[in-house]
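# A structural model of the following input is requested.
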Amino acid sequence: MTAPRIPSIDPELRDKLLFTALAILIYRIGAHITAPTVDVTALSDFIKNNAGTGTATLFSMYDALGGGLSRSTIFALGIMPYISASIVFQLGGGVIPTIGKMQKDEEGRKTLTQWTRYLTVAISFSQAYTFTLFVESIPNAIPYPGFLSRLIMVATLTVGAIFVMWLGEQITERGIGNGMSMLITVSILERVWPAVIQGIGYVKEGVVAPTGLVLLAVVLLAMVAAVVAMTLAARRIPIQIPRKVMGRGRIREGQKTYIPVRLITAGVMPIIFAQTVIIVPSTVAQFTQNETLQSITSFLTPGGWQYNLLFAVMIVVFSYFYTSIVFNSVDLSENLKKQGAFIPGVKPGAATADYIDGVLGRITLPGSLFLAVVAIVPISMAKAVGITQFAFGGTSLLIVVGVLLDTIAQIEQHRQLRKYDGFMKSGRIKFRGRQSRFGM
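Numbering: from 1, shown residues only. Next comes the predicted model:
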């Protein structure tokens, strides 16, 4: 009796996985190396003493997206500069016709990619300089302040952000999945085990009840399942492709297909936009000591009903705004018209665009409300059980689930393509064998 044969992994897929793992390892090592001239203890104490303010929220948002501002590492800025630059050109495509035209052309996309890199360098420098000035304002955070320490700090953070951008691009080109998203996901997953240890410590210290911790874990698991379901959920718009004569007697038969429109078309971006806007008054008030902004900040305390209500409304608004930018119904209707395809019962052209806009508007509302629930419920639940600093909000859940699903789909697609190539190769060998046998 022979042992069952274990299928070997595809060498190309193995190399991609190994390269991705190596790049992630380099990134995580750099994310734990402290930038020079900074006393991390003084910085950490300042963040703890200002928990709940806009500054602390800003630091936690950067940390949630793969950065390390709270630890002042050499990769402290993470990929936020690149994300900011990408968003600028992505939104610019819906406002500036020239950029929108470049996004549809291969050479134009290459040019926009280069412009995105240049803008990333500029944003990295400005954020590094701002963060350096902020750290200098903290007592004892810079043991030896001066021009040289400031220059070293700015140069280190800027170069670190540029290296992270390059590393993410290398993963995208030579590894598996989207490099930038992969780096963020690994940074989030790295905090899982420390958070579990911290939760157990809260229970031992009597800060959190055991039932409260179990209830929080159940809520998180339920939220993960809901995020998976909503991420995959889509409204299928039926499309009819008519029969067409291709030339020389070839006929393309009519087909019925569909356009999948996801319920969460905007992804995690509405939450990021809402967080960025809502923490601006608190952050500016802390730097300027403006009484009006301070009163607004005290009214919008994170976790309060006013904060949650405004946060939810802004998520809904930004969901509609971002969806209208990334999903162009006019271009889609024109492409369908050029191919001769149509939606049954809807006239081609403007009527098709209006129909798609109507469908998109109806499904965006439940999707945006779900985003608001995901963004608010985990953090509110954590505070209800007694955990003041919670590392897994809605942003983290959406990013991790979305990236893992996309990565799994890419791996499966790669395996299917390899099977197809192997089938074609075996078919060629058999065909050649028949040719040699019959002398044809």
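# Now do the helix or strand harbouring residue 375: distance to the chain's middle.
Using DSSP states H and E, residue 375 maps to helix 350-385. Its chain's C-alpha centre and that of helix 350-385 lie 17 Å apart, by CA atoms, centre = their mean, to the nearest Å.
# tell me the mean pLDDT for it?
Across helix 350-385, pLDDT averages out at 85.
# Give me the buried positions along it.
Within helix 350-385, the residues scored as buried using 16 or more other CB atoms under 10 Å are 352-353, 355-356, 359-360, 363-364, 367-368, 370-372, 374-379, 381-382, 385. Using the backbone N, CA and C atoms, a C-beta is placed for each residue, glycine as well.
# Likewise for stretch 257-264?
By neighbour count with 16+ other CB under 10 Å, stretch 257-264 contains the buried residues 259, 261, 262, 263, 264.
# how far is that stretch from where the chain is centred?
So, by CA atoms, centre = their mean, the centroid of stretch 257-264 is 20 Å from its chain's centroid.
# What lies in contact with it?
By CB atoms under 8 Å, 6 or more residues apart in numbering, the list of residues contacting stretch 257-264 from outside reads 230-231, 233-239, 241, 327, 332, 356, 359-360, 363-364, 366-367, 370-371, 398.
# same question, stretch 265-273
Outside stretch 265-273, the residues that touch it by CB under 8 Å, 6+ apart are 61, 65, 87, 314-316, 318-319, 321-323, 326-327, 360, 364, 367-368, 371, 374-375, 394-395, 398-399, 402.
# Output the below-cut-off pLDDT ranges for the stretch 201-350 of the chain.
243-254, 279-303 (pLDDT under 70).
# at 80 instead, please
Residues of the stretch 201-350 of the chain that meet the criterion pLDDT under 80 lie in 202, 206-207, 241-255, 267-269, 272-307, 325-326, 328, 339-340.
# Just to be sure, residue 266 is in a strand?
No: using DSSP: H, G, I helix; E, B strand; the rest coil, the secondary structure at residue 266 is coil, not a strand.
# just use 36 as the starting number from now, easier for me
From this message on, residue numbering opens at 36, which makes the last subject residue 301.
# hang on, residue 270 in a strand?
Yes: looking at residue 270 with three-state DSSP, it is inside a strand.
# wait, it sits on residue 401?
No: assessed by CB atoms under 8 Å, residue 270 is found out of contact with residue 401, at 10.4 Å.
# Show the average pLDDT along stretch 193-201.
92.
# Quick one: the strands in the chain, in order.
Assigned by DSSP state E, the chain shows strands spanning 269-276, 279-282, 285-287, 290-297.
# which residues touch residue 403?
Contacts of residue 403 by CB under 8 Å, 6+ apart are 301, 305, 350, 351, 354, 355.
# switch to 10 Å and redo it
By CB atoms under 10 Å, 6 or more residues apart in numbering, the residues touching residue 403 are 298-301, 305, 347-348, 350-355, 357-358.
# how much space is there between it and residue 305?
Distance, residue 403 to residue 305, using CB to CB, to the nearest Å: 7 Å.
# what does the domain assignment say about the chain?
46-225, 227-461 (automatic domain parsing).
# what's the most buried one of the ones you listed?
domain 46-225 (a mean of 18; mean count of other CB atoms under 10 Å).
# what's the span of it from first residue to last?
Terminal residues of domain 46-225 lie 28 Å apart, using CA to CA, to the nearest Å.
# Then stretch 358-367?
With CA to CA as the measure, stretch 358-367 spans 14 Å from end to end.
# Please state the offset of it from the chain centre?
20 Å.
# was I right about residue 365 contacting residue 387?
Yes: using CB atoms under 10 Å, residue 365 is in contact with residue 387, at 9.3 Å.
# Confirm for me that residue 152 is in contact with residue 197.
Yes: look at residue 152 against residue 197 with CB under 10 Å: they come within range, at 8.5 Å.
# what do those two both touch?
Joint contacts of residue 152 and residue 197 (CB under 10 Å, 6+ apart) are residue 117.
# show me the contacts for the closest residue to residue 267 other than its chain neighbours.
Nearest residue to residue 267, sequence neighbours excluded (CB to CB, 6 or more residues apart in numbering): residue 440, at 7.2 Å. Applying CB under 10 Å, 6+ apart to residue 440 gives the contacts 262, 263, 266, 267.
# Tell me the spacing between residue 263 and residue 433.
Distance of residue 263 to residue 433, given as CB to CB: 10 Å.
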